[in-house]
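Enquirer: just need the structure, nothing else, for what follows:
(one chain, ligands or ions: 1)
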Amino acid sequence: MRIAVCPGSFDPVTNGHLDIITRASKTFDKVIVVVSRNSSKNYMFTIEERMEMLKVSCAGLDNVEVDCFTGLLIDYMTLKNAHVIIKGLRAVSDFEYEMQMALMNRKLNQDVETVFMMTNSKYSYLSSSIVKEVAKNGGCIKGLVPDLVGEELLKRFNIGG
Ligand code: PNS
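Expert: Predicted coordinates:
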């Protein structure tokens, strides 16, 4: 079985993430979306909230599972006997850091390949951080995140009642 792992912070999941996850689900037998627990970032949503929003958003994709990991991604790959990491590339600005991670992961385990998918151009400017910034300041985020995520963001910022 060809298993692909889509790792990320997903704080929160955006339609750009979902586009990559959906396309990966058509290319691989099984896709595991894994939420990182251990970044030094300050997350807006807890790991449980981020996973729940992903689960609801991916509910229509039968071969997609949601999980979380702590520590090195490469160790999670071994645990799941998975050999492909899927990453989305939005712009040249993503490339340098993504290449560094891909090369480090290959140094750590040569049996794991990182596969990059080019983001759909309509989401190329999108990131979780920019969506939070717009939502926080009362801007319209419709079409940028799943409806449930939009509602959670508005609640979080006390917007719309
Ligand atoms: O959505 P993000 O924040 O860009 O996701 C980054 C993530 C979680 C994929 C990356 O930070 C990661 O893989 N962290 C796990 C720690 C690890 O394995 N580091 C070494 C990779 S070079």
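
Enquirer: pretty sure K87 contacts E98?
Expert: Yes: shown here, K87 and E98 form a contact pair, counting by Cβ atoms under 8 Å, at 5.7 Å. Any C-beta I mention is one placed from the backbone N, CA and C, and that applies to glycine too.

Enquirer: any shared contact partners between those two?
Expert: T114, F116 (Cβ atoms under 8 Å, 6 or more residues apart in numbering).

Enquirer: which strand residues bridge V33?
Expert: C6, V66 (DSSP bridges).

Enquirer: is it true that it touches V66?
Expert: Yes: at 5.0 Å, V33 and V66 qualify as touching, with contact defined as Cβ under 8 Å.

Enquirer: so which of the two has more stuff around it?
Expert: Neighbour totals were compared for V33 and V66, and V33 leads with 29 against 22 (other Cβ atoms under 10 Å).

Enquirer: for the more buried one, what are its contacts?
Expert: So V33 contacts V5, C6, G8, F10, I21, L54, C58, V64, E65, V66, D67 (Cβ under 8 Å, 6+ apart).

Enquirer: cool, C58 as well?
Expert: Counting by Cβ under 8 Å, 6+ apart, C58 has contacts L18, I21, V33, V64, V66.

Enquirer: let me have these in a markdown table, extended by pLDDT and distance to the ligand.
Expert: A markdown table is the format used below for these (pLDDT from 0 to 100; distance: Cβ to the nearest ligand atom, whole Å):
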| residue | pLDDT | distance to the ligand |
| --- | --- | --- |
| L18 | 98 | 14 |
| I21 | 98 | 13 |
| V33 | 98 | 11 |
| V64 | 98 | 17 |
| V66 | 98 | 14 |
